[in-house]
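Novice: With the sequence up front, the predicted model follows.
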Amino acid sequence: MNEVVIEKMSSMKLFGMQQSFQTILEGGQFNSLTNDELINMLIQAEWEDRQTRKLNRYIKSAKFRYQACIEEIDYHANRNLDKTQFLRLADCSFITQKKNILVTGPTGVGKSFITSALGHQACVRGYKTTYLNTQKLFARLRMSKADGTYLKEIDKIERIDLVIIDDFGLQPLDNQNRMALLEIIEDRYERKSTIISSQLPVNKWYDIIGEGTVADAILDRLINGSFRIELKGESLRKRK
């Protein structure tokens with residue numbers, strides 16, 4: 001009978017419940033548990049297994065640059081990272097508030113690691129997240145224009161709870177990339193959260209975006225009410 005039950009659990013994809021039931025049987029606990037205790041243990045095991053698989057699925061789908069987490073952040077390095085502010089952001093309330101985070105600083109100070117850690121924390125909290133390199137994003141959108149899937153790509157980005165755009169501003173935007181960025185920011189404004197990291201300070205972004213009217217529209221939606229992390233100091237890579 002127990003073997004039949006285990007097979008049925010497997011066929012119904014109740015993997016957490018199946019593993020827990022097998023463990024109970026192998027450990028000789030079955031007869032010592034009440035029906036209520038057995039049901040509670042099986043349901044708890046299934047819930048935890050599904051949560052773990054969901055988290056792993058979110059992390060894999062996000063494609064973070066670094067497999068970073070909040071616990072690995074170094075606050076001792078002299079790079080102007082406020083621990084109190086960062087831990088407040090790590091509770092992901094900025095996502096429920098639909099606020100943005102702008103991370104700036106010179107190369108090598110850990111911007112990508114920090115944004116990856118915030119993204120990982122968002123996944124832990126159950127938010128769908130994606131990590132996008134700016135140049136690769138624009139290249140993908142340019143290709144989607146050619147094959148007719150542009151609107152599908154834009155809609156996909158719009159639905160994500162947290163979008164991380166890394167290495168923004170390495171080169172000036174042309175008109176096509178400028179309008180694509182406007183569309184992304186406009187679609188997400190006061191609906192979803194976006195994290196942008198850049199080597200350039202925010203006051204230089206206007207020139208990188210170009211075209212005054214479009215730059216004003218993007219920055220007005222992106223900057224107002226956003227949280228800022230302005231890193232300083234020498235490259236951590238050089239220090240290592």
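Specialist: Arrived safely.
Novice: Would you check how far apart residue 212 and residue 140 are?
Specialist: Residue 212 sits 27 Å away from residue 140, taking C-beta to C-beta, to the nearest Å as the criterion. Backbone N, C-alpha and C define where each C-beta goes, glycine included.
Novice: Next: residue 21.
Specialist: Counting by C-beta to C-beta, the gap from residue 21 to residue 140 is 45 Å.
Novice: before we move on, what about residue 52?
Specialist: 30 Å.
Novice: between these two, who's got more neighbours?
Specialist: residue 140 (16 against 11; other C-beta atoms under 10 Å).
Novice: tell me the phi and psi of the closest residue to the more buried one other than its chain neighbours?
Specialist: Using C-beta to C-beta, 6 or more residues apart in numbering and skipping residues adjacent in sequence, the residue nearest residue 140 is residue 153, 6.8 Å away. Phi and psi for residue 153, reported as degrees, to the nearest 10, are phi -70, psi -40.
Novice: list the contacts for residue 153?
Specialist: The contact partners of residue 153, by C-beta atoms under 8 Å, 6 or more residues apart in numbering, come to 140-141, 144.
Novice: thought residue 112 was touching residue 165?
Specialist: No: assessed by C-beta atoms under 8 Å, residue 112 is found out of contact with residue 165, at 11.2 Å.
Novice: which neighbours do these two share?
Specialist: residue 197.
Novice: for the residue nearest to residue 45 when sequence neighbours are not counted, what are its contacts?
Specialist: Nearest residue to residue 45, sequence neighbours excluded (C-beta to C-beta, 6+ apart): residue 20, at 3.4 Å. Residue 20 is in contact with 41-42, 44-46, counting by C-beta under 8 Å, 6+ apart.
Novice: how does it look with 7 Å?
Specialist: 41-42, 45 (C-beta atoms under 7 Å, 6 or more residues apart in numbering).
Novice: residues in contact with residue 92?
Specialist: So residue 92 contacts 121-122, 125, 127 (C-beta under 7 Å, 6+ apart).
Novice: Who wins on neighbours among the residues you listed?
Specialist: Going by other C-beta under 10 Å, residue 122 tops the contacts of residue 92 with 23 neighbours.
Novice: export the helix or strand it falls within as CSV, just CAs?
Specialist: Secondary structure from DSSP states H and E places residue 122 in helix 111-124. Extracted C-alpha coordinates of helix 111-124, given in CSV (Å, rounded to 0.1, in the frame of the first residue of the first chain):
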residue,chain,number,x,y,z
LYS,A,111,27.8,47.8,-8.5
SER,A,112,26.9,44.6,-10.4
PHE,A,113,27.5,42.4,-7.3
ILE,A,114,25.2,44.7,-5.2
THR,A,115,22.4,44.8,-7.8
SER,A,116,22.7,41.0,-8.2
ALA,A,117,22.3,40.6,-4.4
LEU,A,118,19.2,42.8,-4.4
GLY,A,119,17.8,40.8,-7.3
HIS,A,120,18.5,37.5,-5.5
GLN,A,121,16.7,38.9,-2.4
ALA,A,122,13.7,39.9,-4.6
CYS,A,123,13.6,36.3,-5.9
VAL,A,124,13.6,35.0,-2.3
